[in-house]
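Participant: Sequence isn't available, so here's the structure alone:
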């Protein structure tokens with residue numbers, strides 16, 4: 001691009017949404033085909049949950065490490081974008097190899113290539129938020145975060161439908177499409193970084209990057225609130241939603257019913273950005289947690305399918321407000337020099353919640369009736385998240 005400054009922040013936000021979309025799409029394709037890949041490689045089915053948990057464990061460590069590294073790299077213009085392009089090419093190469101490696105019949109080789117893919121794909125999660133925290137003025141950050149999150153929401157809404165359509169389909173083409181799409185869209189990261197810098201929305205910080213957390217009590221409270229919210233989200237969205245829907249509809253309709261949550265999420269992203277901009281990240285966190293709690297409670301005690309669908313829209317909207325406000329809060333805590341560290345820490349908490357959910361589902365294997373009986377636990381988790389966020393709203397020294 002000859003004139004990077006000509007790009008609007010909205011255009012860059014939509015570009016980041018594309019990056020997030022194809023990154024999430026790759027994970028969805030991987031999860032759909034993992035049982036088949038494991039079977040081809042001679043890996044017993046009992047090891048699949050352990051492999052998924054190992055993936056999340058890698059995300060926990062890598063997100064934090066990459067977030068810190070991206071803060072350091074951001075001191076040189078263009079370095080974050082170049083690092084993301086390199087990581088993307090490595091990630092896409094490993095992803096493309098997965099179907100071929102599985103057919104070689106070596107479980108060890110499959111695990112090694114999967115590890116390479118997980119590590120390199122994790123390197124794509126925190127750096128965009130480093131750029132937002134460094135070059136985008138704080139009033140514009142909620143809108144950029146909302147646009148970026150749209151890619152995740154659209155991919156998640158497509159997941160059940162993709163699982164249905166790709167059943168029995170050769171994995172080579174889906175893996176090829178996902179890898180090449182992500183590679184192509186990420187090639188523009190250098191231009192996006194230069195465009196953000198050229199717009200001069202914020203000045204590069206002069207303070208050196210350190211590894212400590214400023215105001216430890218606020219940081220600890222923020223991470224505690226996000227962990228509670230993320231665990232509640234995992235329980236509702238990935239565990240309870242399907243059993244709740246099965247009370248009113250057959251299993252064949254789940255691919256059309258489960259995305260309703262993400263419809264609410266996507267519709268609420270822009271209002272969520274306006275709320276965060278006007279009230280700040282901590283008050284918006286409170287509102288998001290309370291809306292999510294209300295939607296989850298309504299879903300747990302819905303008496304009809306129509307009530308459940310309305311509750312799911314509300315729950316998705318609450319999660320949109322909570323998640324986008326959490327990333328806004330991470331940038332506020334990181335301020336100029338450590339946005340990557342805090343956004344990486346937030347991504348680590350999301351991975352930790354996913355790890356906990358996979359562990360509970362795979363090891364305890366709760367029956368559908370038990371899940372629906374305890375579906376209200378998600379609402380309780382969001383209420384706890386709201387209480388901690390309310391404390392943060394009363395102590396906004398770093399926000």
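Facilitator: Received, thanks. Just so it is clear, the structure is predicted and the values come from calculations on it, not from any experiment. Numbering: from 1, shown residues only.
Participant: Can you pull out the low-pLDDT segments for this structure?
Facilitator: Counting by pLDDT under 70, the chain has low-confidence residues at 1-9, 73-79, 81, 193, 197-215, 336-337, 396-399.
Participant: What's the biggest helix in it, counting residues?
Facilitator: helix 260-300 (DSSP state H).
Participant: Find out how far that helix is from the centre of the chain, if you would.
Facilitator: Centre-to-centre, helix 260-300 and its host chain are 16 Å apart (C-alpha atoms, centre = their mean, to the nearest Å).
Participant: now for that helix, which elements pack on it?
Facilitator: Judged by 3 or more C-beta pairs under 8 Å, 6 or more residues apart in numbering; DSSP states H and E, helix 260-300 is in contact with helix 141-165, helix 216-233, helix 241-246, helix 305-334, helix 377-394. C-beta here means a position set from N, CA and C on the backbone, and glycine is covered the same way.
Participant: Which one, of the ones you listed, ends up nearest to residue 275?
Facilitator: For residue 275, the closest of these is helix 305-334, at 6.4 Å, according to C-beta to C-beta.
Participant: And the closest one, what's buried?
Facilitator: Within helix 305-334, the residues that count as buried by 16 or more other C-beta atoms under 10 Å are 308-334.
Participant: Just the element for residue 28, please.
Facilitator: Using DSSP states H and E, residue 28 falls within helix 9-41.
Participant: Any buried residues in that helix, and which?
Facilitator: Per 16+ other C-beta under 10 Å, helix 9-41 contains these buried residues: 9, 12-13, 15-30, 32-34, 36-38, 40-41.
Participant: just the angle between it and helix 141-165, please?
Facilitator: Helix 9-41 runs at 30 degrees relative to helix 141-165, counting by axes from the mean of the first three to the mean of the last three C-alpha atoms, to 10 degrees.
Participant: which of the residues in the next helix or strand after helix 9-41 are buried?
Facilitator: Once the chain leaves helix 9-41, the next helix or strand it forms, by DSSP H and E, is helix 48-73. Within helix 48-73, the residues that qualify as buried are 48, 51-56, 58-60, 62-73, counting by 16+ other C-beta under 10 Å.
Participant: Which elements pack onto the very next helix or strand once past helix 48-73?
Facilitator: Using DSSP H and E, the helix or strand that follows helix 48-73 towards the C-terminus is helix 79-102. Helix 79-102 sits against helix 9-41, helix 48-73, helix 107-122, helix 127-135, helix 172-186, helix 189-199, with contacts defined as 3+ C-beta pairs under 8 Å, 6+ apart.
Participant: From the chain's centroid, how far away is helix 79-102?
Facilitator: With C-alpha atoms, centre = their mean, you get 19 Å for helix 79-102.
Participant: Repeat that for stretch 131-142.
Facilitator: Relative to its chain's centre, stretch 131-142 lies at 19 Å (C-alpha atoms, centre = their mean).
Participant: what's the span of that stretch from first residue to last?
Facilitator: By C-alpha to C-alpha, to the nearest Å, the extent of stretch 131-142 from end to end equals 14 Å.
Participant: Could you list the buried residues of that stretch?
Facilitator: In stretch 131-142, counting by 16+ other C-beta under 10 Å, buried: 131, 132, 133, 134, 135, 136, 138, 140, 141, 142.
Participant: Please apply the same query to stretch 162-170.
Facilitator: In stretch 162-170, counting by 16+ other C-beta under 10 Å, buried: 162, 163, 166.
Participant: Run through who's touching that stretch.
Facilitator: Outside stretch 162-170, the residues within contact range by C-beta atoms under 8 Å, 6 or more residues apart in numbering are 28, 29, 32, 33, 174, 255.
Participant: Closest one to residue 394 out of those residues, please.
Facilitator: The closest of the contacts of stretch 162-170, once distances to residue 394 are taken by C-beta to C-beta, is residue 28, at 39.3 Å.
Participant: Residue 157 is in contact with that closest one, correct?
Facilitator: No. Assessed by C-beta atoms under 8 Å, residue 28 is found out of contact with residue 157, at 10.6 Å.
Participant: Could you name every residue contacting both of those two?
Facilitator: Counting by C-beta under 8 Å, 6+ apart, nothing touches both residue 28 and residue 157.
Participant: Run a quick check on residue 280 versus residue 393, I expect a contact.
Facilitator: Yes. Counting by C-beta under 8 Å, residue 280 touches residue 393, with 7.4 Å between them.
Participant: Please identify every residue contacting each of those two.
Facilitator: Between them, residue 280 and residue 393 share no contacting residue under C-beta under 8 Å, 6+ apart.
Participant: so who does residue 229 touch?
Facilitator: Residues counted as contacts of residue 229 (C-beta under 8 Å, 6+ apart) are 288, 289, 292, 322, 326, 381, 382, 385.
Participant: Nearest to residue 250 among the residues you listed?
Facilitator: Set against residue 250, the nearest of the contacts of residue 229 by C-beta to C-beta is residue 292 (27.5 Å).
Participant: Once you drop chain neighbours, what's closest to the closest one?
Facilitator: Nearest residue to residue 292, sequence neighbours excluded (C-beta to C-beta, 6 or more residues apart in numbering): residue 318, at 2.9 Å.
Participant: where's residue 95 relative to residue 318, distance?
Facilitator: Using C-beta to C-beta, to the nearest Å, we find residue 95 at a distance of 33 Å from residue 318.
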